[in-house]
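Trainee: predicted model, plus sequence, below.
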2 protein chains.
Amino acid sequence: MTEQRNPVVGISGLAESRPTLKDEAVSIVRRALMSGDMQPGKIYSANALASQLGVSNSPVREAMMALSEKGLLEVVRNRGFRVVELSPDDQREVYDLRMLIEVTAVGRVADQGVSTEDGQRLATMVDTTLAAARPDNMIDYLERDQEFHLSMVQLLGNTRMTKIIENLRDQSRVSGSYHLAERGLLVASAAEHGPILAALLSGNRNLVESLMTEHLSYSLP
Amino acid sequence: MTEQRNPVVGISGLAESRPTLKDEAVSIVRRALMSGDMQPGKIYSANALASQLGVSNSPVREAMMALSEKGLLEVVRNRGFRVVELSPDDQREVYDLRMLIEVTAVGRVADQGVSTEDGQRLATMVDTTLAAARPDNMIDYLERDQEFHLSMVQLLGNTRMTKIIENLRDQSRVSGSYHLAERGLLVASAAEHGPILAALLSGNRNLVESLMTEHLSYSLP
DNA sequence: TAGAGATTGGTTATCGACAATCGATTGTGT
DNA sequence: ACACAATCGATTGTCGATAACCAATCTCTA
């Protein structure tokens, strides 16, 4: 019988060419990873999460598979999905890549020039990020931080490069970026965004790159 | 009753902690993409491929989803999976990234030094690749070429960087790398591997990087 | 006691089925 | 002839069920 199925309310009540259940599951799990609701090293069951969300296993499974491809989860056969726990070596792998790609990307943007409009937009982000830099507000802060950095990179126009950088940053975030809060370095890190943007707008590539290099060291343990 | 299920014979008859059906499907589709059996721009049905392989839709679907994550396919909602067709802009995105990452990676390997053993292994690959450089042998040749380049990069020990480079090279390969064969540049490209390896072994980073830079221009249209 | 082998508990990997959805095609009215 | 609505065919996205599987626990024997 054509009974109305369990509506499966996602996040937004909006109905706009509805995203697939898999997509919703991806963002839910992703958020749980970033917020620490899912802890590194622990194994989680796709089926269990599926029934929590009120959907069947398939879309949730696909979501966790996708996150495994991105290196945020590990598939443990017939056991579940383990949240990755970056070893010191892993962390340096990610760090090295970010130093190479992310720094170069922002440097190139400086070379290429930034429109006044984009400059304004970025300046706003610097402010809101700094305002969000409170230890009790880590999750939101990290989101703003991510937005600012990705917005700079996006100006280069290389979508693949942006995706790669986003993924690397996500990997950094999962395995505790909490040493920032612990050490009260949160505001210090946010405060560097201003000079970085200034250098970017002035088109000083060398300066931007050295500031970015220094800035990235905050993501080291 | 514990009845023997449909055996679902994969490719290799080997039974060694059997890979998942999804994994088998991934390599099958991947090969089809590289060989041109699946053509850029065309849409293929996961279910159709599933019944061709004698398995259900789920693992094949997961495989094609994974390849979509990697940028080799595009999901077209309720229509199927389209083989990506790189626009000129897309091709330059990939090219720019390879120039940045792949060249740097090989350069760093030169700095770091290569063991005699590894050098031997690479030298063998140079030979077999050159031997495979016949226009009627494109698929095999491309496989050897890939193996040589990835083996160099692997020596750096950054697994994530290797994966990224592998993915970028795969993207280059899908959308016809056939201009090589067409223009008879195949042997010319393979012949550059020797000097590259020589420069690598001699630890001359600058030389390696400039040779690699030149070499990559073969992957441009 | 110690160790091999059976049992258990929980999870996935895979299956087959079906409604929702999309693009193309056909049909209709002006 | 043309715009627009209804229909059609194909494919996915999602579902619920189940056997295969892994790790850990328990049992039994030497």
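Mentor: Okay, I see it.
Trainee: can you tell me the element the residue nearest to the spatial centre of chain A falls in?
Mentor: Central residue of chain A (CA atoms, centre = their mean): A:D170, 3.9 Å from the mean position. Using DSSP states H and E, A:D170 falls within helix A:159-174.
Trainee: check A:V106 too.
Mentor: According to DSSP H and E, A:V106 maps onto helix A:88-112.
Trainee: beyond that helix, next helix or strand please.
Mentor: According to DSSP H and E, the helix or strand after helix A:88-112 is helix A:116-131.
Trainee: pull the residues that contact that following helix.
Mentor: With CB atoms under 8 Å, 6 or more residues apart in numbering or on different chains as the contact definition, helix A:116-131 has outside contacts at A:114, A:141, A:144-145, A:147-148, A:151-152, A:155, A:187, A:190-191, A:193-194, A:197, A:200-201. For the C-beta atoms, the positions are set from N, CA and C on the backbone; glycine is no exception.
Trainee: just to revisit the earlier point, elements contacting the helix holding A:V106?
Mentor: helix A:138-154, helix A:159-174, helix A:193-201, helix A:205-216, helix B:88-112, helix B:159-174 (3 or more CB pairs under 8 Å, 6 or more residues apart in numbering or on different chains; DSSP states H and E).
Trainee: to A:K42, which of the ones you listed lies closest?
Mentor: helix A:159-174 (12.0 Å; CB to CB).
Trainee: flag every buried residue along that closest one.
Mentor: Neighbour-count burial for helix A:159-174 flags A:160-162, A:164-174 (criterion: 16 or more other CB atoms under 10 Å in any protein chain shown).
Trainee: what angle sits between that helix and helix A:138-154?
Mentor: Per axes from the mean of the first three to the mean of the last three CA atoms, to 10 degrees, the angle that helix A:159-174 makes with helix A:138-154 is 160 degrees.
Trainee: now do helix A:159-174 and helix A:88-112, the angle between them.
Mentor: Using the same axes, to 10 degrees: helix A:159-174 against helix A:88-112 is 140 degrees.
Trainee: what does the domain assignment say about chain A?
Mentor: A:21-83, A:88-219 (automatic domain parsing).
Trainee: for these, could you give me a markdown table that also reports distance to B:E74 and mean pLDDT?
Mentor: Putting those into a markdown table (distance: least, CB to CB, whole Å; pLDDT from 0 to 100) gives the following:
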| stretch | distance to B:E74 | mean pLDDT |
| --- | --- | --- |
| domain A:21-83 | 15 | 95 |
| domain A:88-219 | 13 | 93 |
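Trainee: so which of those domains is nearest B:I28?
Mentor: For B:I28, the closest of the domains of chain A is domain A:21-83, at 17.6 Å, according to CB to CB.
Trainee: contacting residues for the nearest residue to A:E192 once chain neighbours are set aside?
Mentor: Spatial nearest neighbour of A:E192, excluding adjacent residues (CB to CB, 6 or more residues apart in numbering or on different chains): A:H215 at 5.0 Å. By CB under 8 Å, 6+ apart, the contact list for A:H215 reads A:189, A:192, A:196.
Trainee: tell me how far A:H215 lies from B:E147.
Mentor: 38 Å (CB to CB, to the nearest Å).
Trainee: could you do A:I139 as well?
Mentor: Taken as CB to CB, the span from A:I139 to B:E147 is 43 Å.
Trainee: tell me, how many residues neighbour the nearest residue to A:L201 once chain neighbours are set aside?
Mentor: Spatial nearest neighbour of A:L201, chain neighbours left out: A:G119 (5.1 Å); criterion: CB to CB, 6+ apart. Counted by other CB atoms under 10 Å in any protein chain shown, the residues lying close to A:G119 total 16.
Trainee: from what I can see A:M212 touches A:V106, true?
Mentor: Yes. Between A:M212 and A:V106 a contact is recorded at 5.2 Å, counting by CB atoms under 8 Å.
Trainee: and chain A, which of its residues are near DNA strand C?
Mentor: A:2, A:17-18, A:44-48, A:57-58, A:61, A:75, A:77-81 (CB under 7 Å from any atom of the strand).
Trainee: in ChimeraX, select just the buried ones from those residues.
Mentor: With 16+ other CB under 10 Å as the burial test, the buried ones among the residues of chain A next to DNA strand C are selected in ChimeraX as follows:
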select /A:44,46,58,61,75,80,81
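Trainee: now do the same contact list for A:D145.
Mentor: Contacts for A:D145 (CB under 8 Å, 6+ apart) come out as A:129, A:189-190.
Trainee: now it: how far from DNA strand C?
Mentor: To DNA strand C, A:D145 is 31 Å away according to CB to the nearest atom of the strand, to the nearest Å.
Trainee: just A:E69 next, same as before
Mentor: Counting by CB to the nearest atom of the strand - A:E69 and DNA strand C are separated by 13 Å.
Trainee: hang on, the earlier thing: tell me the one of the contacts of A:H215 nearest chain B?
Mentor: A:I196 (20.3 Å; CB to the nearest CB).
Trainee: the closest one - how many residues pack around it?
Mentor: 22.
Trainee: so it makes contact with A:S210?
Mentor: No. Look at A:I196 against A:S210 with CB under 8 Å: they stay out of range, at 10.1 Å.
Trainee: find residues that contact each of these two.
Mentor: What both A:I196 and A:S210 touch, as defined by CB under 8 Å, 6+ apart, is an empty set.
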